[in-house]
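Q: All I have is the shape, not the residue letters:
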C-alpha cells in the first residue's frame, strides 16, 4: 500500500504542477467528477490479490525451449498494477528472476531489469479510458 500511495501522491503533485486549474481529471457516466488521481483510486473497486505464474517443469522434454513464455503478451485491465519482480525458486538458491519482458510500441521485446527491493508500477488499460 505504501508504494501505490506514494505513486498516486506523486502523480497528483505532477498533475497540479502542470495543470493548476480546476478542470476535473476525470468525469464518470453518472456526472461525478474527480480532481485528483487519489480521489479516483479511493472511489474505485480494488482487486488486491496475488498471481503465481510458473511453467510445469514436469511436462517439459529435453528438446523443449526453456525460454518459452509462462504467460502470453497482455495488458492488465486495471488503472495500475503494483508488483514485485519474480524470484526463481528452482535454481540452486533463490534468486531474482530475469524473465520479465516488455513489448514496446514498435513491437520490440525488451528484458526488464529490476534492482533488489524494487516495487514495479505499471499502468493498465484502465488509464486509457
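A: Thanks, I have the structure now. Please read these numbers as outputs of a predicted model, since none were measured by experiment.
Q: Now tell me which helix or strand of this protein has the poorest mean pLDDT.
A: Ranked by mean pLDDT, DSSP states H and E, the weakest helix or strand in the chain is strand 95-96, scoring a mean of 62.
Q: Low-confidence ranges, the protein, go.
A: Residue ranges of the chain with pLDDT under 70: 47-70, 87-98, 129.
Q: Show me where it has its strands.
A: 26-27, 33-34, 80-83, 87-88, 95-96, 101-103, 109-111, 120-123 (DSSP state E).
Q: Reformat the ones you listed as JSON lines; add distance to residue 18 and mean neighbour count.
A: Where you see a C-beta, it was placed from the backbone N, CA and C, and this is true even at glycine. Formatted as JSON lines, those follow (distance: least, CB to CB, whole Å; neighbours: other CB atoms under 10 Å):
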{"stretch": "strand 26-27", "distance to residue 18": "16", "mean neighbour count": "12"}
{"stretch": "strand 33-34", "distance to residue 18": "17", "mean neighbour count": "14"}
{"stretch": "strand 80-83", "distance to residue 18": "19", "mean neighbour count": "16"}
{"stretch": "strand 87-88", "distance to residue 18": "38", "mean neighbour count": "12"}
{"stretch": "strand 95-96", "distance to residue 18": "35", "mean neighbour count": "13"}
{"stretch": "strand 101-103", "distance to residue 18": "26", "mean neighbour count": "11"}
{"stretch": "strand 109-111", "distance to residue 18": "28", "mean neighbour count": "9"}
{"stretch": "strand 120-123", "distance to residue 18": "18", "mean neighbour count": "14"}
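Q: List the residues that contact residue 39.
A: By CB atoms under 8 Å, 6 or more residues apart in numbering, the residues touching residue 39 are residue 25.
Q: Relative to residue 71, how far out is it?
A: 32 Å (CB to CB, to the nearest Å).
Q: Who are the contact partners of the nearest residue to residue 104 once chain neighbours are set aside?
A: In space, and not counting its chain neighbours, residue 104 is closest to residue 110: 6.1 Å by CB to CB, 6 or more residues apart in numbering. With contact taken as CB under 8 Å, 6+ apart, residue 110 is in contact with 101, 102, 103, 104.
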